[in-house]
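Asks: make a model of this:
(2 chains)
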Amino acid sequence: MKNKILPFSVIIIFGIIFFIFYKGLEDSKIYIPDVNTKKQIPVFNTKEFFSGENVKSSSIFELDKVYLLNIWSSWCVPCRQEHPILMNLNLENKLNIIGMNYKDNLKNAENFLEELGNPYKEIFIDLDGTIAIEWGAYGVPESFLIYNNEIIKKYIGPLNQELVDEINLLIK
Amino acid sequence: MKYLKFFLIVIILFPLSSINAEENDKRNKITKNLRCLICQGQSVYDSDSEFANSLKIVVDKKLQEGLSEDQIYEYFKTKYGEWILYDPGLNKNTYILWLLPILIFLIGGAIIYKSFIVKK
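Replies: The predicted model follows:
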């Protein structure tokens, strides 16, 4: 009897371990960022895009207003594709679209806006990409829906009509 | 006089270079333990992507602000989640990872003890 307990328990334990690993195989190994967490927006100092004047984040984002922060750059191809959607969103809504110009050449960025239009209420500069890190961003383009200084939702990659519909629904 | 000047230069430069080297080592250690989230299987240290380069600047800034290694990890964890760290801490998602080797070691030890030592 004693001799039988040992192999039996070994088999059971290995069975449990096998089951845990087998279940683990079903989990996605691709990193999916958390897009729904309600986080406070970061506090930072930066420069205004057109005037070059110093601005504080607290003067850009006011309480009780809905903002869409869009990270963009003139060298980013998907931003070009996304731009008409932002232009439309600006016309249709009372949403305040704020631009964060990410690691860009100012002249190129100005040409970009001249060519495609400016949907942004205000634009600030992130020259070395560190402000984007403060926001927990991955790259360009990326958009954050903000209300009461809280991030309501994060959109990684270019916005499309489907996502715009979702934004419209959220801010109603 | 010449020797004195040389001596002074060496004295001034030596501690500075050792401080820089120490800071560089710390920065490399931290960036090696941070995952480049937009790359495939690369650490921030290995990657030259825009994301990784910005992250390196932030690590430098945080070190200059006097934050410790753990505080920097904690900062990135609040921004990007546990996934950004290569060395995961003990929590409800990782406890199997931590406890399994100990469990296997104990079971193995018990088997060896039973079959060899007790039989003697």
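Asks: which residues of chain B fall in helices?
Replies: Assigned helices in chain B, in chain order: B:2-32, B:50-64, B:69-80, B:95-112 (criterion: DSSP state H).
Asks: could I get those helices as TSV with mean pLDDT?
Replies: Supplementary listing: those in TSV, determined by pLDDT from 0 to 100:
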stretch	mean pLDDT
helix B:2-32	76
helix B:50-64	93
helix B:69-80	91
helix B:95-112	85
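Asks: mind putting these in a markdown table, mean neighbour count included?
Replies: Placement of C-beta: from N, CA and C, glycine included. As requested, the helices of chain B are exported to a markdown table (neighbours: other CB atoms under 10 Å in any protein chain shown):
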| stretch | mean neighbour count |
| --- | --- |
| helix B:2-32 | 11 |
| helix B:50-64 | 18 |
| helix B:69-80 | 16 |
| helix B:95-112 | 11 |
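Asks: just how off-centre is stretch A:148-162 within its chain?
Replies: Chain-centre distance of stretch A:148-162: 6 Å, with CA atoms, centre = their mean, to the nearest Å.
Asks: contacts for it, please.
Replies: Stretch A:148-162 is touched from outside by A:33, A:35-41, A:61, A:63-64, A:78-79, A:81-82, A:85-86, A:89, A:136, A:138, A:141-146, A:163, A:167, A:170, with contacts defined as CB atoms under 8 Å, 6 or more residues apart in numbering or on different chains.
Asks: filter those residues down to the buried ones.
Replies: Buried members of those, scored by 16 or more other CB atoms under 10 Å in any protein chain shown, are A:39, A:41, A:61, A:79, A:82, A:85-86, A:89, A:136, A:138, A:141-146, A:163, A:167.
Asks: same for chain B: which of those residues are within range?
Replies: The subset of the buried ones among the contacts of stretch A:148-162 lying close to chain B, counting by CB under 8 Å from any CB of the partner chain, consists of A:136, A:138.
Asks: return the subset of the buried ones among the contacts of stretch A:148-162 lying in strands.
Replies: The strands, defined by DSSP state E, take in A:39, A:142, A:143, A:144, A:145, A:146 from the buried ones among the contacts of stretch A:148-162.
Asks: of those residues, closest to chain B?
Replies: Chain B has its nearest neighbour among these in residue A:39, at 8.3 Å by CB to the nearest CB.
Asks: so residue B:77 makes contact with residue B:87?
Replies: No: with contact defined as CB atoms under 8 Å, residue B:77 does not count as touching residue B:87 (11.5 Å).
Asks: up against chain A, what does chain B have?
Replies: B:37-38, B:50-51, B:53-55, B:57-58, B:61, B:79-81, B:83, B:96, B:100, B:103, B:107, B:111, B:114-115.
Asks: so what touches stretch B:74-91?
Replies: Among residues not part of stretch B:74-91, those counted as contacts by CB under 8 Å, 6+ apart are A:31, A:33-34, A:133-134, A:136, B:32-35, B:37, B:43, B:55, B:62, B:67, B:73, B:93-94, B:97-98.
Asks: any chance of CSV for the ones in strands among the buried ones among the contacts of stretch A:148-162, columns pLDDT?
Replies: Putting these into CSV (pLDDT from 0 to 100) gives the following:
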residue, pLDDT
A:39, 83
A:142, 94
A:143, 94
A:144, 93
A:145, 92
A:146, 92
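Asks: quick one: residue A:112 and residue B:112, what's the gap?
Replies: Relative to residue B:112, residue A:112 is positioned 69 Å away (CB to CB, to the nearest Å).
Asks: can you list the residues of chain A near chain B?
Replies: Counting by CB under 8 Å from any CB, the residues of chain A that sit close to chain B are A:6, A:10, A:13, A:17, A:20, A:31, A:33-34, A:103, A:128-130, A:132-134, A:136, A:138-139.
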